[in-house]
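K.L.:
got a predicted structure here, sequence first:
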Amino acid sequence: MQYLVFRLYGAMASWGEAAVGGDRPSATHPGRSAILGLLAAALGIKRTEQAKLNELYQSVHFAVKEYSAGVLVRDYHTAQVPSTDKKRVHRHRKSELAAPGYKLNTVLSSRDYRADGVWLVSIWLTDPATVTLSELAEALLKPRFTLYLGRKSCPLAAPLNPRILDADCLQQALDSDVLPLLGSTEQDRSWLRYPRQSIYYWQGATDLMQASDATVQSRQLWDEPGDRLKWQFSSRIEHQLTVNRER
């Protein structure tokens, strides 16, 4: 079976989870919404083109291998939102501050990021699909819109290096050789603090991975995109497999 695999690495990444109040947590790995958003941006599909987005959503499955979740970084964030005044139009910040009866309306939030995380993503197509792996690979090499890792403040820090390969199973595709970020894989493991475990995340049948005697864990997530303009998401079941690896 054919798979499209590519690497994600950035000095900062943020994989949003369900947010309550002012807290904006980050998962340890990219979820379905993040991966589909990245593919859509590469293809040049806008948020308003819901029909094209739905076609993309229904065309691809994905899985993630986490080499390193990186280091958790928390940012204390403040933002000021001016009160709404339908009679006045502010064209710059100075005008807002000078408005009579101006209120700061300061919003406080805590935002989480993952620093120096490394992930390998595998994409395979549904039947039927409206896009090909070659088209996705070409789009990742020459994206129409700027790609980022969860938030616009988190740009890519290394080439995605997309490639299409034949593999007997999903785990074999995810275990394919990755181009080192530094001079060698050993340098990557040391500098990026790779743990002694590789963690796989995927959706669908649990036997897509060769679990052997390892335990597959499953949980419900709410990151299946519905309407991006209305910020609506539905639930899905994600499986997780942790495998110890040799140094």
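P.N.:
All right, it came through fine.
K.L.:
Ser122 is in what secondary structure piece?
P.N.:
strand 106-125 (DSSP states H and E).
K.L.:
so which bits of the helix or strand just after that strand are buried?
P.N.:
Next helix or strand after strand 106-125 toward the C-terminus (DSSP H and E): helix 133-141. Judged by neighbour count (16 or more other C-beta atoms under 10 Å), helix 133-141 contains these buried residues: Leu133, Leu136, Ala137, Ala139, Leu140. In this view, the C-beta of every residue, glycine as well, is placed from N, C-alpha and C.
K.L.:
residue contacts, the fourth one?
P.N.:
Under the criterion of C-beta atoms under 8 Å, 6 or more residues apart in numbering, the contact list for Ala139 reads Leu39, Ala42, Leu43, Gly44.
K.L.:
what is the nearest of these to Lys65?
P.N.:
Leu39 (17.4 Å; C-beta to C-beta).
K.L.:
that closest one: neighbouring residues, count only.
P.N.:
25 (other C-beta atoms under 10 Å).
K.L.:
which of the three states applies to it?
P.N.:
helix (DSSP: H, G, I helix; E, B strand; the rest coil).
K.L.:
and it, what's its pLDDT?
P.N.:
Predicted confidence (pLDDT) for Leu39: 98.
K.L.:
verify the contact between it and Glu135 for me.
P.N.:
No: counting by C-beta atoms under 8 Å, Leu39 stays clear of Glu135, with 10.1 Å between them.
K.L.:
distance between the one helix or strand Lys94 maps to and the chain's centre?
P.N.:
Element membership of Lys94, judged by DSSP H and E, is helix 93-98. On the basis of C-alpha atoms, centre = their mean, to the nearest Å, helix 93-98 sits 36 Å off its chain's mean C-alpha point.
K.L.:
next, the buried residues of it.
P.N.:
Quick answer for helix 93-98 (16+ other C-beta under 10 Å): Glu96.
K.L.:
same question for stretch 103-119.
P.N.:
Quick answer for stretch 103-119 (16+ other C-beta under 10 Å): Arg111, Asp112, Tyr113, Arg114, Asp116, Gly117, Val118, Trp119.
K.L.:
need the pLDDT of Glu246.
P.N.:
63.
K.L.:
helices and strands of this structure: which one has the lowest mean pLDDT?
P.N.:
helix 93-98 (a mean of 76; mean pLDDT, DSSP states H and E).
K.L.:
got the CA positions of that one in PDB?
P.N.:
Only the C-alpha atoms of helix 93-98 are listed here, as PDB (Å, rounded to 0.1, in the frame of the first residue of the first chain):
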ATOM      1  CA  ARG A  93      -5.100  51.700  17.600                       C
ATOM      2  CA  LYS A  94      -4.600  55.400  18.300                       C
ATOM      3  CA  SER A  95      -8.200  56.000  17.400                       C
ATOM      4  CA  GLU A  96      -9.400  53.300  19.800                       C
ATOM      5  CA  LEU A  97      -7.400  54.700  22.700                       C
ATOM      6  CA  ALA A  98      -8.700  58.200  22.100                       C
END
